[in-house]
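Participant: got a sequence here, can you build the structure:
(one chain, ligands or ions: 2)
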Amino acid sequence: MNADIRNAGEMKPRVLTVLGATGTIGVNTLDVVARHPGRFEVFALTGATQVERMLEQCRTHHPRYAVMAEPAAAALLRERVAAEKLPVDVLEGSAALTAVATTPEVDTVMAAIVGAAGLPATLAAAQAGKRILLANKETLVVSGQLFMDAIAASGSVLLPIDSEHNAIFQSLPRDFNGDFQQAGVKALWLTASGGPFRTLSAEAIAAATPAQAVAHPNWVMGKKISVDSASLMNKGLEVIEARWLFNARPDQIKVVVHPQSIVHSMVEYADGSVLAQMGTPDMRTPIAYALGFPERIEAGVSALELMGRELTFEAPDSARFPCLQLAFDALAAGGSAAAVLNAANEVAVARFLEGAIPFNAIAASIAHSLDTLAGGAAGTLEELLNADQRARSVAEAYLSDKHP
Ligand code: NAD
Ligand code: MG
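Facilitator: Numbers count the residues shown, from 1 in each chain. Ligands and ions are numbered 1, 2, ... in the order given. I've put the predicted structure just below:
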């Protein structure tokens, strides 16, 4: 028997914590995990409020721990788990999120909480040397330098889940160390679908409803990232994410709108080659890539059908979608500016989803927050969380004032 096959059969399972298990990425992660019995052992699953979904995941995946960030949800889950005699301990609160992401039994952490709420546990997992499958892009936007330093210091393996960064990771040399010159890399090309408002006029975008904003043409995602895709802030956050993941200068990161979402991103080389990763738009592909790395494993994704398909590319329109430029501005400003950008965006997106502000107030409140809070320090987690809190207050005040 081939030694590799024999070893694969006897391989020790990867012990996995899924932060944000009840979200879109979490559900897709567990879908891939379930396709590979024996390959993964689910140690802990975390959620915030969705008790029924967590209960269902406990029945199917048998985690040792289920964490609910909300204590009331944890209490309810505890009752349900006891009634069914499921062998799972229910924990609650943010300290428990960090505990299940850092405990020695765990080797791999899928970081899929949405927003800066995911930062403390994800950073702690990096400091603890876990293999990190990073979906929570806001962690890198808020704490880029600190997070990458933690990865380097602990020797963690960091694998991007965001489809664009996963595509770039796949299109870079395997031994890429962040030196563009040495690797002959000229630029990273992030593709953007353009979102549901790509062809709308500025007036129509200003009047867009939450229902329109979350109806993404190609991807099924959580509400926050769907609104970010509609404003192109998602691409802005991804520019900052790429800056840190790949040690790219801002002028080495390009954005191209590609409405079909088939080319997931590209790397341009000095010799004129452009390497792309393509596939059916389904997050299980990047998730399976990272779960199996360095092996390729089944993801349940339908094959890419290219016959008769047209792939098109166009420049992003910064007049109708000012958020993308705001992200480049925050990168240029440095310090805590990206944390301010992210927090102001989170506040504005939540207010927009409540129906309290118009769509174009999102960009306006981010611009205002960046102007108000320029030049903060970003050396420690405390400084970053302070910047995050101040930006939330500034954005809240601005939006209540403009849209009482
Ligand atoms: P989602 O809204 O579907 O799920 C979010 C998860 O985070 C849920 O499990 C929720 O319980 C948990 N959560 C929310 N607030 C929390 C809090 N305060 N404390 C603890 N847990 C909390 O979001 P999603 O679409 O799965 O996205 C998750 C992350 O992955 C985001 O950072 C997003 O940008 C990134 N991402 C998502 C996609 C996608 O296709 N969905 C693609 C690329 C990147
Ligand atoms: Mg993406």
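
Participant: you'd agree residue 21 is up against residue 54?
Facilitator: Yes: under the contact definition of C-beta atoms under 8 Å, residue 21 touches residue 54, with a separation of 7.2 Å. (Each C-beta comes from the backbone N, C-alpha and C, glycine too.)

Participant: spit out the residues that contact the two alike.
Facilitator: Residues touching both residue 21 and residue 54 by C-beta atoms under 8 Å, 6 or more residues apart in numbering: 45, 47.

Participant: quick one: stretch 294-308 to chain centroid distance?
Facilitator: The chain centroid and the centroid of stretch 294-308 are separated by 21 Å, computed with C-alpha atoms, centre = their mean, to the nearest Å.

Participant: right, I mislabeled it, should have said stretch 286-301
Facilitator: Between the centre of stretch 286-301 and the centre of its host chain there is 17 Å, according to C-alpha atoms, centre = their mean.

Participant: how far does it stretch from start to finish?
Facilitator: The separation between the terminal residues of stretch 286-301, taken as C-alpha to C-alpha, to the nearest Å, is 11 Å.

Participant: tell me where the longest helix sits in the chain.
Facilitator: Of all segments of type helix in the chain, defined using DSSP state H, the longest is helix 381-402.

Participant: need the contact list for the closest residue to ligand 2 within the stretch 1-150 of the chain.
Facilitator: Ligand 2 sits closest to residue 137 of the stretch 1-150 of the chain, with a gap of 7.5 Å, by C-beta to the ion. If a contact means C-beta under 8 Å, 6+ apart, then residue 137 has 162, 237, 238, 241 as its contacts.

Participant: closest to residue 150 among those residues?
Facilitator: Checking the contacts of residue 137 against residue 150 by C-beta to C-beta gives residue 241 as the nearest, at 15.7 Å.

Participant: so where does that closest one fall, helix or strand?
Facilitator: Secondary structure assignment for residue 241, by DSSP states H and E: helix 233-245.

Participant: off-centre distance for that helix?
Facilitator: Once both centres are worked out by C-alpha atoms, centre = their mean, helix 233-245 turns out to sit 10 Å from its chain's centre.

Participant: that one: what's the following helix or strand?
Facilitator: Going down the chain from helix 233-245, the next helix or strand is strand 253-257, by DSSP H and E.

Participant: just want the angle from the next helix or strand along the chain from that following strand to strand 253-257.
Facilitator: For strand 253-257, the following helix or strand on the C-terminal side (DSSP H and E) is strand 263-269. With axes from the mean of the first three to the mean of the last three C-alpha atoms, to 10 degrees as the criterion, the two stretches strand 263-269 and strand 253-257 enclose an angle of 140 degrees.
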